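1. coords please:
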Amino acid sequence: IATASGKCRSAGKLHLGDAIEKGNVELGINNIWEVLVDQNDIRAIEDHDSIIWLATSNGLIKYKPNDTIVAVYQEGGITVPSNDVRALTTDIYNNLWIGTAGGIVKYDGTTFTTDSTGLTNNDIISLTSDYSGYVWIGLRDSGLVEYDNGTIINIYNMSNSFLPDNHVKTLFHDANGHIW
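-> This next block holds a predicted model:
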C-alpha cells in the first residue's frame, strides 16, 4: 500500500519498507535492493506468469517469487529508453507495457519494443489497458492517448474532450469497461 510518506507493505511476500530511508525491500534475496531502490515512488504489477515487475526511477526490476532470478533493465540497453520507469500494465495478449520518461515499451515475454511514434510527447505518467486490447497512455501535460499496438486511435486533451487537465496522473480500467 503506497502512502504519502512512502511506506508500502503488502500482506503477502513482497514488503517494501520505508523507501524514504534508502528503500528497505525484502524479497528473499541479498541486499541487491539497497543499491537499486533509492526513492519512495515504486509501482508494481504481477504478470500472467506470476513475475513481479517493479517500476522505479532506477529502471525496471523483474523478480520471480520463490526463485532467485532477478533482472534489472536500465537505459542504454535494448530494453527501456529511460531509467525513470513510471507506469506498468498488461494487456489481453499478456504483453507487459512499460511507461517511461522516454516513451512506451512493449515486452512480449521475449523482446522489448520501443515505439512512441505519433505521441505528442514521450513523457508517460500512467498506463492501463482495456478489454479490446487497447493501451491507454496518460502523458505529462499532453493528455490521454488511446493506443493499439503502435497505432494511435485517439488523442484526448482539454480542448477536444472531457479532460479537466492535460496532465493524466492515474488511469484505471473497471469491470464495466470504463476508463477512469
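
2. Which parts of the protein are strands?
-> Per DSSP state E, the chain carries strands over the ranges 15-16, 25-26, 43-46, 52-56, 59-63, 70-73, 85-90, 96-100, 103-107, 112-114, 124-129, 135-139, 143-148, 151-156.

3. V168 is nearest to which of those?
-> strand 135-139 (3.0 Å; C-beta to C-beta). (Glycine included, C-beta is placed from N, CA and C.)

4. Let me know the average pLDDT across that closest one.
-> Averaged over strand 135-139, pLDDT sits at 95.

5. any residues touching that strand, and which ones?
-> Residues from elsewhere that reach strand 135-139 (C-beta atoms under 8 Å, 6 or more residues apart in numbering): 87, 89, 91, 97, 99, 104, 119-121, 123-130, 144-149, 166, 168-171, 173, 179.

6. what does stretch 107-119 give?
-> For stretch 107-119, contacts defined as C-beta under 8 Å, 6+ apart pick out 49, 73, 78-81, 93-98, 102-106, 122, 137, 139, 142, 145, 150, 152.

7. For G133, which non-adjacent residue is closest in space?
-> I92 (4.9 Å; C-beta to C-beta, 6 or more residues apart in numbering).

8. er, T120 actually
-> In space, and not counting its chain neighbours, T120 is closest to S142: 4.1 Å by C-beta to C-beta, 6+ apart.

9. pretty sure the one you found is touching N122, no?
-> No: using C-beta atoms under 8 Å, S142 makes no contact with N122, being 9.6 Å away.

10. So M158 sits against H167, correct?
-> No: applying C-beta under 8 Å, one finds M158 not in contact with H167, separated by 10.0 Å.

11. quick one: low-confidence parts of the chain?
-> Within the chain, the set of residues satisfying pLDDT under 70 comprises 1-40, 68-69.

12. Mind doing that once more with 50?
-> Along the chain, segments meeting pLDDT under 50 span 1-32, 34-35, 37.
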